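In: Sequence below, structure please.
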Amino acid sequence: MTSTDEITTHLSNMLAELRKADAKAVAMIWESFLGAFIGYIMKKRRETGQNLLADISFRNIWRR
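Out: Model prediction:
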């Protein structure tokens, strides 16, 4: 299993690469990722009854 530090490093590196990319390409990447991510969240909620988004503070995300 991947450690939290490794995941953080991968995400930071990916963010740096996205900042270099064309805006339209980044939008397409985000649309694809968010669609897959939200689909995964919904599937897990149906399978387990657990809301994986319950502990995420969207207020903190939007403030950044």
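
In: I'd like the mean pLDDT over stretch 57-64, please.
Out: The average pLDDT for stretch 57-64 rounds to 81.

In: in this structure, which spans are helices?
Out: For the chain, the helices defined by DSSP state H cover 4-20, 23-48, 58-63.

In: so how far is the second one off the chain centroid?
Out: In other words, helix 23-48. Relative to its chain's centre, helix 23-48 lies at 8 Å (CA atoms, centre = their mean, to the nearest Å).

In: now do the first one
Out: Once both centres are worked out by CA atoms, centre = their mean, helix 4-20 turns out to sit 11 Å from its chain's centre.

In: quick one, that helix and helix 23-48 angle?
Out: Computed by axes from the mean of the first three to the mean of the last three CA atoms, to 10 degrees, the angle separating helix 4-20 from helix 23-48 equals 150 degrees.

In: Not counting helix 4-20 itself, show me its contacts.
Out: Here helix 4-20 makes contact (CB atoms under 8 Å, 6 or more residues apart in numbering) with 26, 29. Any C-beta I mention is one placed from the backbone N, CA and C, and that applies to glycine too.

In: Before I go, just wanted to say thanks for your time.
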